[in-house]
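Asks: below are the sequence and a predicted model for it; my questions follow.
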Amino acid sequence: MRKMRDKERTQSRHKQREQRGKGEARGASFPGTAEHASKRKQVFAAALKRVNSEVRRLHNLAAKTANVEAARKALALHRAANFMTYPAAGATANEGMAPNPSSRRRKIITGAKIGRVSQSTKVAQAVRDARGAA
């Protein structure tokens, strides 16, 4: 389509030059005036615009689908990380009752939270020490 549009554009420009008297005639087989070639060029340009927008739409749809799949995979990995992934030790040869493995998720306590509790204990102790020294 681009080639056809470019061809019509070239012919339209050449016809315009002929009408202004700046160029020679292109040949006996070239029909119509510059307006005819211009109209044909506009038809091809509009068709090319539609094709380009459809290609862009399909590309965006594929990209969106890929993003959704990646997000779902990331969510599955994130959810899987909350549960114990290593297998239980299984039955042993010792006598007595065996504990049932817990199916609850692991509780992950961040280091910042642990540090906060330790620091608050230190601060409270310092306040008590300061009261006794005065």
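Replies: It's in.
Asks: could you list the low-confidence segments of this structure?
Replies: Scanning the chain with the threshold set as pLDDT under 70 gives 25-34, 84-85, 92, 133-134.
Asks: check which helices and strands the longest helix belonging to the chain sits against.
Replies: The longest helix of the chain (DSSP state H) is helix 34-80. Secondary-structure packing of helix 34-80 (3 or more Cβ pairs under 8 Å, 6 or more residues apart in numbering; DSSP states H and E): helix 2-20. Backbone N, C-alpha and C define where each C-beta goes, glycine included.
Asks: tell me which residues of the helix it packs on are tucked away?
Replies: R5, E8, R9, Q11, S12, H14, K15, Q16, E18 (16 or more other Cβ atoms under 10 Å).
Asks: and stretch 125-134, how far out from the chain's middle?
Replies: The chain centre lies 58 Å from the centre of stretch 125-134; the measure is Cα atoms, centre = their mean, to the nearest Å.
Asks: follow-up on the earlier one: what is the nearest of the buried residues of helix 2-20 to Q125?
Replies: Taking Cβ to Cβ as the measure, Q125 lies nearest R5 of the buried residues of helix 2-20, at 82.8 Å.
Asks: give me the neighbour count for the nearest residue to the closest one once chain neighbours are set aside.
Replies: Distances taken as Cβ to Cβ, 6 or more residues apart in numbering put F44 closest to R5, at 3.7 Å, once the chain neighbours are dropped. Neighbourhood size, F44 [other Cβ atoms under 10 Å]: 18.
Asks: F44 contacts Q11, doesn't it?
Replies: No - using Cβ atoms under 8 Å, F44 is not in contact with Q11, being 11.6 Å away.
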